[in-house]
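Colleague: Kindly return the folded structure for what I paste below:
(one chain, ligands or ions: 2)
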Amino acid sequence: MRSSLTPLGPTVSRDRIITCFPKWYTPNACLQLKEHFHGQVNAACQRRNTGTVGLSLSKVVVVGDLYVGKTSLIHRFCKNVFDHDYKATIGVDFEIERFEIVGIPYSLQIWDTAGQEKFKCIASAYYRGAQVIITAFDLTDMQTLEHTRQWLEDALRENEPGSCFVFLVGTKKDLLSGAACEQAEVEAMHLANEMQAEYWSVSAKTGENVKPFFSRVAALAFEQSVLRDLERRSSARLQVGNGDLIRMEGDPPETQESKRLSSLGCC
Ligand SMILES: Nc1nc2c(ncn2[C@@H]2O[C@H](COP(=O)(O)OP(=O)(O)OP(=O)(O)O)[C@@H](O)[C@H]2O)c(=O)[nH]1
Ligand SMILES: [Mg+2]
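Modeller: Ligands and ions are numbered 1, 2, ... in the order given. Sure thing, here's the model as predicted:
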């Protein structure tokens, strides 16, 4: 079903419309324990005063070992499909997914990178400018969890410190029984806290938690984009108000000219 709630942009499918702040997976490893969008963000959306946020794309980069299920996770979310056969990603690929958040059109550009070592240098060229880094590991292979530290370090190196939201995602949840899953999650949450990441367990095969996870990614990135935009515009206004933009260093040109003339003995 399609919605045409917003007069500003093209329509998005109903399950990409976010009106309330999506909930975390677990409060034990979560980036923000809150239930609502920031008041300033709500107000800006209601006034449709979100600057360039509705027009630009936020970059999301998915990293992790080969075979952990990065492509499957993205394809389940963006195309609602699942393929049992493994086709290694060569270099990088991306999908653009459109949302409507508190009435404002918003898009994520989701970059799928290759986990194979031989493609790492191609993939890492695309890490720059990420607003969100998703580090994925396979819940049935705890070695892949250990490797997420290195994947994250590599991705963060290409970005400004403190500028990215980090998620740690355990994949293939359908392959584990309740107790085994819980055990893997405890280890993963511990690491997520060290990484200052939010933790999620998902299954691309069954689709479990896939939409709630990406809704959470979109909402956090959207809120940050709106707040940054508001801050940028208000500091630009302040600068104009204080005259900082037109204040000049040193003497004004007419004073410099009269000094030059007086040094020549003309005045
Ligand atoms: N049972 C199950 N299998 C999965 C799941 N997600 C992925 N797989 C399988 O795991 C294998 C690897 O999945 P991919 O998504 O190609 O892995 P990848 O991380 O993109 O691998 P690279 O592109 O080489 O980095 C495939 O055979 C998938 O069918 C899942 O949630 N459950
Ligand atoms: Mg892949």
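
Colleague: alpha carbons only for contacts and neighbour counts from here, please
Modeller: Will do.

Colleague: Now do the strands in the stretch 151-267 of the chain.
Modeller: Assigned by DSSP state E, counting those that start in this stretch, the strands in the stretch 151-267 of the chain fall at 165-171, 198-201.

Colleague: closest one to residue 219 among those?
Modeller: Taking CA to CA, strand 165-171 is the member of the strands of the stretch 151-267 of the chain nearest to residue 219, at 11.4 Å.

Colleague: how far out from the middle of the chain is the closest one?
Modeller: 11 Å (CA atoms, centre = their mean, to the nearest Å).

Colleague: Wondering if it reaches ligand 2 at all.
Modeller: No. If you take CA under 5 Å from the ion as the test, strand 165-171 misses ligand 2, and the best it gets is 12.9 Å.

Colleague: which other helices and strands contact that strand?
Modeller: With contacts taken as 3 or more CA pairs under 8 Å, 6 or more residues apart in numbering; DSSP states H and E, strand 165-171 sits against strand 132-138, helix 178-195, strand 198-201.

Colleague: Can you lay out these as TSV showing mean pLDDT, distance to ligand 1 and mean neighbour count?
Modeller: Below are those laid out as TSV (pLDDT from 0 to 100; distance: least, CA to the nearest ligand atom, whole Å; neighbours: other CA atoms under 10 Å):
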stretch	mean pLDDT	distance to ligand 1	mean neighbour count
strand 132-138	98	8	26
helix 178-195	97	13	16
strand 198-201	98	10	26
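
Colleague: and of the ones you listed, who's closest to ligand 2?
Modeller: Closest approach to ligand 2 among the helices and strands packed on strand 165-171 is made by strand 132-138 (11.1 Å; CA to the ion).

Colleague: residues in contact with the helix or strand following that closest one?
Modeller: Going down the chain from strand 132-138, the next helix or strand is helix 142-146, by DSSP states H and E. Applying CA atoms under 8 Å, 6 or more residues apart in numbering, the contact partners of helix 142-146 are 64, 65, 68, 136, 137, 138, 139, 184, 188.
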